[in-house]
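Participant: need a 3D model of the following:
(chains A and B)
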Amino acid sequence: NAGVTQTPKFQVLKTGQSMTLQCAQDMNHEYMSWYRQDPGMGLRLIHYSVGAGITDQGEVPNGYNVSRSTTEDFPLRLLSAAPSQTSVYFCASSGVRGLDYNEQFFGPGTRLTVL
Amino acid sequence: GNSVTQMEGPVTLSEEAFLTINCTYTATGYPSLFWYVQYPGEGLQLLLKATKADDKGSNKGFEATYRKETTSFHLEKGSVQVSDSAVYFCALRASGGSNYKLTFGKGTLLTVNP
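Facilitator: Predicted coordinates for the structure are as follows:
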């Protein structure tokens, strides 16, 4: 199992550019989520999904879009990047029942800089 | 709403010292509690968890006990190693069968010197 994979690892954008951060998992997990990590702020939930075709907003959703067309993939789209979106982004997944329910698995992160 | 408060860092210790990182929470009902660890340049990994009051989670020499009466889940280790240097996050998941979201504390940076 590759677990949770994220691409790219690093990205630099100019203000106003758009891009998609990719996230995939091979554990057949129903729940997937995106967090951003900023110094002194911990991790904050951006968007999450409990299955294909189902997404919902987290704590800080503004400026981000998501979709979930398959169980495996959960891309995060920045429509018009702003310097305030400079951050490290983590994707995470978990099952929704049984032993898989109590652990979220995290990807290695994408470090994004917006100039 | 739900929240997690953990001690501010950074924490610097010498090898073999005793470690405590305090964590308290606010939530209704009986949340599940977690400690995650983030090594430099990596994502978060689950360190230990407790899902009901008085449960003790343990892993790699770390322990934490779910104290409902004090709404706390303090992380302890009796003898830290240089390899324990990392950022530690306390987190909770609210009770309720369909609630999967985690609420994190701000993290505590631990540095262990030889």
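
Participant: only C-alpha atoms from now on, for both contacts and neighbour counts.
Facilitator: OK.

Participant: which single residue in chain B comes nearest to chain A?
Facilitator: Residue of chain B nearest chain A, by CA to the nearest CA: B:Lys106 (3.7 Å).

Participant: strand partners of whichever strand or helix holds B:Gly57, parallel vs antiparallel please.
Facilitator: B:Gly57 is part of strand B:56-59 when elements are defined by DSSP states H and E. Sheet pairing of strand B:56-59 (DSSP bridges) gives strand B:62-65 (antiparallel).

Participant: now do the buried residues in the partner strand.
Facilitator: Neighbour-count burial for strand B:62-65, counted by 16 or more other CA atoms under 10 Å in any protein chain shown, picks out B:62-65.

Participant: likewise for stretch A:44-64?
Facilitator: Under 16+ other CA under 10 Å, the buried positions of stretch A:44-64 are A:44-52, A:55, A:57-58, A:61, A:64.

Participant: okay, how far is it across stretch A:43-57, tip to tip?
Facilitator: Length of stretch A:43-57, first residue to last, CA to CA, to the nearest Å: 15 Å.

Participant: near chain B, anything from that stretch?
Facilitator: Yes - using CA under 8 Å from any CA of the partner chain, stretch A:43-57 reaches chain B at A:43-44.

Participant: looking at residue 26 now. What's its pLDDT?
Facilitator: Answering for chain A, as no chain was given. Looking at A:Asp26, its pLDDT stands at 95.

Participant: think we crossed wires, I meant chain B
Facilitator: On the pLDDT scale, B:Thr26 gets 95.

Participant: tell me what it is bridged to.
Facilitator: B:Ser3.

Participant: so what's the residue count around it?
Facilitator: B:Thr26: 15 surrounding residues under other CA atoms under 10 Å in any protein chain shown.

Participant: what sits against it?
Facilitator: Residues near B:Thr26 by CA atoms under 8 Å, 6 or more residues apart in numbering or on different chains: B:1-4, B:71.

Participant: out of those residues, which end up buried?
Facilitator: B:4, B:71.

Participant: make TSV out of the contacts of B:Thr26 and add pLDDT.
Facilitator: Listed next are the contacts of B:Thr26 as TSV, based on pLDDT from 0 to 100:
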residue	pLDDT
B:Gly1	83
B:Asn2	89
B:Ser3	93
B:Val4	95
B:Thr71	96
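
Participant: shaky segments in chain B?
Facilitator: Applying pLDDT under 70 to chain B picks out residues B:97-98.

Participant: get me the contact residues on it for chain A.
Facilitator: Within chain B, the positions lying close to chain A (CA under 8 Å from any CA) are B:41-46, B:89, B:98, B:100, B:103-107.

Participant: restricted to strands, list those.
Facilitator: Judged by DSSP state E, strands contain the following of the residues of chain B next to chain A: B:44-46, B:89, B:103-104.

Participant: okay, now the unreliable bits of chain A?
Facilitator: For chain A (pLDDT under 70), the answer is A:98-101.

Participant: pull the longest strand from it.
Facilitator: Max-length strand for chain A by DSSP E is strand A:42-51.

Participant: and it, how far from the chain's centre?
Facilitator: 7 Å (CA atoms, centre = their mean, to the nearest Å).

Participant: wait, doesn't A:Ser67 sit right on A:Pro75?
Facilitator: Yes - A:Ser67 is within contact range of A:Pro75, at 6.5 Å (criterion: CA atoms under 8 Å).
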